[in-house]
Every structure is written in C-alpha cells, then in structure tokens.
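Participant: No letters, just coordinates:
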Ligand SMILES: NC(=O)c1ccc[n+]([C@@H]2O[C@H](COP(=O)([O-])OP(=O)(O)OC[C@H]3O[C@@H](n4cnc5c(N)ncnc54)[C@H](OP(=O)(O)O)[C@@H]3O)[C@@H](O)[C@H]2O)c1
C-alpha cells in the first residue's frame, strides 16, 4: 500500500510578491510542501488574490482580503499566510509561536524578505533602516525559527544578490577582514565601521560602496556562513550520533 506523504513545512519570508511568491508557487505546484507564506501585512497577503492551483498573481473577483483568504484556504490547504515583519521583534516572536502551536516544526526556512530604498537614496537613516530589515531582521528570524527546525533533512536558504559581492568593497584588506570573520560579533563590528563612515560624511566613503542595500547583502552573505555553523551546532545538539 502506498504510504501517505507528509508535507514538508516551508517558511518563506517576504512571500506576498516577487521572488518569494514565485518560490511558493513552485513548491505548491510540486505538491510536497505546506507553504507558510510570510508577509508583514496579512491583508496584503490575502489580497494577493491567490488562485492556488496555478497562478498566485491572478486577481479574483472578490472585494476584501479576508474573503480572498477564505476562498483561497478552501481551495488549497497547503498554503497559509503568516504575519512576519522583519523589523519587529514582537512580530517575529509571534510568528514563531504561531508556527510552533500549529505545526510544531519547520523543515525549511527560506530567508527571502529584503528591502531597498528607491533610486539613489543614501544616508545614515537609509543605511539604518535597510540593515534593520535585511541583516538584523534576518538574524532575528533565524534565531526564532532555528529551535523549530526539524531534524528530517532540515534546510535554511538565504536568497542573496550579486549586489552583495565582496569586491564591491574596494579594499583588499577589508575584504580579508570579512573573510576572517568568525561570528556575528566580528561581522557587526565591520558593519559598524561602514555605518560610522556614512554618519561622518556620506560623500566620503573611501573604499565602501555607496549602497545600503549592497552592503546589507555583503554582510548577509557572511551571515549565511555564520548561520550555517550555528545550524550545524544545533543539529549536533539534537543527536549524539550525528557523526556516526
Ligand atoms: N529582483 C531582483 O532582481 C533580485 C536580484 C537579486 C536578489 N534579489 C533578492 O531576492 C529577494 C526577493 O526580492 P524581490 O525582487 O522578490 O523583492 P520584492 O518584490 O520587493 O519583494 C520583497 C519582499 O520582502 C518583503 N519585505 C520588505 N520589508 C519587509 C519587512 N520589514 N518584513 C517582512 N517582509 C518585508 C516585501 O513585503 P511588502 O510587499 O510588504 O513590501 C516583499 O514581500 C530579496 O532578498 C532580494 O535581495 C532580488
């Protein structure tokens, strides 16, 4: 007799549009996943007007977001909107508590949410807001959801960008410092050097790139390695026989 397939539970942050939504759609099409569609605004998520079978972007002929969500749930029980705002610790905590209560675990975390200011906006406030979401927000989501990660082929995925290439920092010495970072503290220290430089004079950046988004993705790429180390430590702590 064929065995029932247990759906893998996948959290995708920033999945109410763009790449996150496309990933959700692909996973749903494959039929082996229960997708937790992360969104900072539940109404917005609901008004996606999901036609879950094929085209999540398609508009439905319904008025309120709530209506769409209800209609949507009836059609596909393998997708669910989860409110998660990377700039709010409370929202992240609530999202993790919600997932724990309803699913007990996640099998895959896809860190996709990110923000970038439009045009060439660039000053200390832009840098602060961008890092609050793309860097500190991602760390907070990772910390909140790591304890829920299952031990059955768990995955943590970081959606990055070419904008975060290390060579955008025009100093080999500083590039080396990034490569030698051992943990979040080392990374944050380097990041603060960039922040301080922007605060002093945003037009005298020296070797730093004039891009808050770009720099947030540079550190994000290193964050990925740090999170992987923590992730392995976590998996090892789950099982004494990890290396056997
Ligand atoms: N598009 C590209 O060409 C490209 C290239 C390379 C890498 N990427 C990366 O791909 C990922 C997705 O990009 P995209 O192009 O799909 O961007 P997008 O269409 O702008 O979608 C970004 C998503 O992140 C969400 N988000 C923004 N701030 C948030 C916050 N504080 N808390 C929670 N969610 C938040 C947005 O929610 P709202 O709708 O509420 O704003 C949206 O759902 C990002 O990590 C980006 O760096 C994109």
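Facilitator: All right, it came through fine. Everything numeric in this text was worked out from a predicted model, so none of it was measured.
Participant: Could I get the full set of helices for this protein?
Facilitator: 18-30, 42-46, 65-75, 89-103, 124-131, 138-145, 172-179, 184-200, 212-238 (DSSP state H).
Participant: Turn those helices into TSV, including mean pLDDT and mean neighbour count.
Facilitator: Heads up, the C-betas are built off the backbone N, CA and C, glycines and all. Shown next, in TSV, are the helices of the chain (pLDDT from 0 to 100; neighbours: other Cβ atoms under 10 Å):
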stretch	mean pLDDT	mean neighbour count
helix 18-30	84	17
helix 42-46	70	18
helix 65-75	51	16
helix 89-103	97	16
helix 124-131	97	18
helix 138-145	96	21
helix 172-179	95	13
helix 184-200	94	16
helix 212-238	70	18
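Participant: Please convert these to a markdown table, extending it with distance to residue 152.
Facilitator: A markdown table is the format used below for those (distance: least, Cβ to Cβ, whole Å):
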| stretch | distance to residue 152 |
| --- | --- |
| helix 18-30 | 17 |
| helix 42-46 | 27 |
| helix 65-75 | 26 |
| helix 89-103 | 13 |
| helix 124-131 | 34 |
| helix 138-145 | 15 |
| helix 172-179 | 33 |
| helix 184-200 | 27 |
| helix 212-238 | 11 |
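Participant: So which of those is nearest the ligand?
Facilitator: The ligand lies closest to helix 18-30 among these, at 2.2 Å (Cβ to the nearest ligand atom).
Participant: Where is the longest strand in this protein?
Facilitator: Longest strand in the chain, counting residues (DSSP state E): strand 33-39.
Participant: which secondary structure elements does that one contact?
Facilitator: Other elements packing on strand 33-39 under the criterion 3 or more Cβ pairs under 8 Å, 6 or more residues apart in numbering; DSSP states H and E are strand 8-12, helix 18-30, strand 79-83, helix 89-103.
Participant: Using JSON lines, please lay out those together with distance to the ligand.
Facilitator: Rendered in JSON lines, the data for those read as follows (distance: least, Cβ to the nearest ligand atom, whole Å):
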{"stretch": "strand 8-12", "distance to the ligand": "9"}
{"stretch": "helix 18-30", "distance to the ligand": "2"}
{"stretch": "strand 79-83", "distance to the ligand": "9"}
{"stretch": "helix 89-103", "distance to the ligand": "8"}
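Participant: Using JSON lines, lay out those together with distance to residue 195.
Facilitator: Shown next, in JSON lines, are the helices and strands packed on strand 33-39 (distance: least, Cβ to Cβ, whole Å):
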{"stretch": "strand 8-12", "distance to residue 195": "29"}
{"stretch": "helix 18-30", "distance to residue 195": "27"}
{"stretch": "strand 79-83", "distance to residue 195": "29"}
{"stretch": "helix 89-103", "distance to residue 195": "20"}
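Participant: what about those, which gets the closest to residue 116?
Facilitator: helix 18-30 (11.7 Å; Cβ to Cβ).
Participant: got the angle between the closest one and strand 8-12?
Facilitator: Interaxial angle, helix 18-30 versus strand 8-12 (axes from the mean of the first three to the mean of the last three Cα atoms, to 10 degrees): 170 degrees.
Participant: roughly how far is helix 18-30 from the heart of the chain?
Facilitator: With Cα atoms, centre = their mean, to the nearest Å as the basis, helix 18-30 stands 14 Å off its chain's centre.
Participant: and the angle for it with strand 33-39?
Facilitator: Going by the same axes, to 10 degrees, helix 18-30 makes 160 degrees with strand 33-39.
Participant: Residue 211 against residue 163, yeah?
Facilitator: Yes. In terms of Cβ atoms under 8 Å, residue 211 counts as a neighbour of residue 163; the distance is 6.7 Å.
Participant: More neighbours: which of these two?
Facilitator: Counted by other Cβ atoms under 10 Å, residue 211 and residue 163 do not tie: residue 211 has more neighbours, with 21 against 16.
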